[in-house]
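A.B. asks: I would like to see how this sequence folds:
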Amino acid sequence: MTAPHAFEMRQRARRTRQSEAIRSLVRETTLTVSDLIWPIFVREGVNIEEPVASMPGVMRYSVDRAVAAAEGAAALGIPAVCIFPYTEAALKTETCEEAWNPENISNRAIRAIKQAVPQMAVMTDIALDPYNSNGHDGIVRDGRIVNDETVVALVKMAMAQAEAGADILGPSDMMDGRIGAMRDALESAGYQDVTIMSYSAKYASAFYGPFRDAVGASGALKGDKKTYQMDPANTDEAMRMIARDLEEGADMVMVKPGMSYLDVCHRVKSEFGVPTFAYQVSGEYAMIEAAALNGWIDGEKIMMESLLAFKRAGCDGILTYYAPRAARLLSA
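C.D. replies: Below is the predicted model:
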């Protein structure tokens with residue numbers, strides 16, 4: 001085959017791909033350690049690191065081990081951890097009082113991590129499902145998840161976490177009006193510097209299964225969460241939820257799940273230009289790990305490619321169980 005004449009090939013895209021040095025100069029999207037938030041699960045006990053069976057490589061930590069894990073994450077440059085509790089069944093009730101107990105496992109973990117690693121931002125989860133004997137994010141009355149009574153409970157939960165020293169509150173419940181109610185309560189109590197990262201577009205997804213195992217909510221859940229979490233078919237609705245939460249006082253917003261909703265992430269960032277985050281959720285993590293463990297994919301490369309996709313979609317940061325592993329690679 002005759003080679004093309006030089007004048008026909010003035011634009012050779014491969015010139016900027018020929019070496020890593022040149023590729024790095026023209027790279028459009030960059031993933032850094034400071035983009036990562038590490039979700040960790042905490043449980044009662046001492047010196048415990050308990051594997052979560054459906055999430056290979058993920059542990060439930062007793063508070064002392066959670067502190068050690070946070071110290072290790074900080075040493076890697078990870079700026080934040082997000083705490084999720086594994087609550088003993090005996091503490092779960094229909095009215096969820098344990099959610100705002102100042103001495104519950106989450107609040108003790110907040111205090112311990114902030115004391116040991118004060119420079120690390122501690123994020124929390126605000127939803128009732130870890131404390132609810134019905135397994136729902138809200139209080140259930142006569143088979144219905146009641147909105148306004150739940151909001152009252154969520155505000156109590158938010159205040160307890162703020163008092164424990166949380167830097168970022170993460171309301172993940174999807175009740176109407178909860179951001180405004182939390183912001184008003186925080187301002188009135190002198191916690192005006194506490195940041196809210198609202199799960200504004202949280203979808204009723206099938207990707208959450210392993211997470212429910214991790215927090216002990218799987219067996220308790222009665223029915224589904226479709227009356228308060230979003231329909232996976234909707235994106236315009238997500239924009240309305242983002243606008244509402246920002247108006248009510250959210251500082252940052254989140255899309256959950258992440259990998260299957262990158263179009264939503266991109267639209268949020270494009271339309272609002274606010275700090276936008278996504279959660280690479282348990283099911284997404286578990287699928288990658290299962291395929292990697294079976295030798296079907298290169299897990300390390302897929303991990304990094306998946307995280308880069310969030311940044312390419314416009315996200316400012318990612319909640320991911322891969323945070324420590326990715327941080328080590330990024331720092332190498």
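
A.B. asks: can you pull out the helices in the protein?
C.D. replies: Taking DSSP state H, the helices of the chain run over residues 20-26, 63-75, 105-116, 147-164, 178-188, 209-215, 236-248, 262-272, 282-293, 299-312, 323-331.

A.B. asks: Worst mean pLDDT among the ones you listed?
C.D. replies: Ranked by mean pLDDT, the helices of the chain bottom out at helix 209-215, with a mean of 77.

A.B. asks: if we can go back for a sec, with mean neighbour count added, can I get the helices of the chain in TSV?
C.D. replies: C-beta here means a position set from N, CA and C on the backbone, and glycine is covered the same way. Below are the helices of the chain laid out as TSV (neighbours: other Cβ atoms under 10 Å):
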stretch	mean neighbour count
helix 20-26	9
helix 63-75	19
helix 105-116	21
helix 147-164	21
helix 178-188	19
helix 209-215	21
helix 236-248	17
helix 262-272	18
helix 282-293	19
helix 299-312	18
helix 323-331	18
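
A.B. asks: List the contacts of stretch 138-146.
C.D. replies: Contacts with stretch 138-146, where a contact means Cβ atoms under 8 Å, 6 or more residues apart in numbering, come from 94-96, 128, 132, 134, 136-137, 147, 149-150, 153, 173, 175, 222-223, 227-228.

A.B. asks: buried subset of those residues?
C.D. replies: 96, 128, 132, 134, 136, 137, 147, 150, 153, 173, 175, 228 (16 or more other Cβ atoms under 10 Å).

A.B. asks: if I pick residue 16, what's in contact with it?
C.D. replies: So residue 16 contacts 22, 23, 25, 26 (Cβ under 8 Å, 6+ apart).

A.B. asks: meant to ask about residue 102, not that
C.D. replies: When contacts are counted by Cβ under 8 Å, 6+ apart, residue 102 touches 160, 163, 164.

A.B. asks: Just give me the closest of those to residue 198.
C.D. replies: Distance to residue 198, by Cβ to Cβ, is smallest for residue 160 among the contacts of residue 102, at 18.2 Å.

A.B. asks: Wait, that closest one touches residue 103, no?
C.D. replies: No: in this structure residue 160 lies outside contact range of residue 103 using Cβ atoms under 8 Å: 9.5 Å.

A.B. asks: Spatially nearest residue to residue 28, not counting backbone neighbours?
C.D. replies: Spatial nearest neighbour of residue 28, chain neighbours left out: residue 312 (7.8 Å); criterion: Cβ to Cβ, 6 or more residues apart in numbering.

A.B. asks: Could you list the low-pLDDT ranges of the stretch 1-150 of the chain?
C.D. replies: Within the stretch 1-150 of the chain, the ranges that satisfy pLDDT under 70 run 1-7.

A.B. asks: re earlier: closest to residue 316 out of the buried ones among the contacts of stretch 138-146?
C.D. replies: Nearest to residue 316 among these is residue 173, at 22.5 Å by Cβ to Cβ.

A.B. asks: what's the distance between the closest one and residue 138?
C.D. replies: 6 Å (Cβ to Cβ, to the nearest Å).

A.B. asks: shared neighbours, these two?
C.D. replies: By Cβ under 8 Å, 6+ apart, residue 173 and residue 138 have these common neighbours: 128, 150, 228.

A.B. asks: what about the nearest residue to residue 156 once chain neighbours are set aside, distance to residue 188?
C.D. replies: Computed as Cβ to Cβ, 6+ apart, the closest residue to residue 156 that is not its neighbour in sequence is residue 100, at 3.9 Å. According to Cβ to Cβ, residue 100 stands 16 Å off from residue 188.

A.B. asks: and if you look at residue 165?
C.D. replies: With Cβ to Cβ as the criterion, residue 165 and residue 188 are 19 Å apart.

A.B. asks: Repeat that for residue 21.
C.D. replies: According to Cβ to Cβ, residue 21 and residue 188 sit 55 Å apart.

A.B. asks: Any idea how far stretch 63-73 is from the middle of the chain?
C.D. replies: Distance of stretch 63-73 from the chain centroid (Cα atoms, centre = their mean, to the nearest Å) equals 18 Å.
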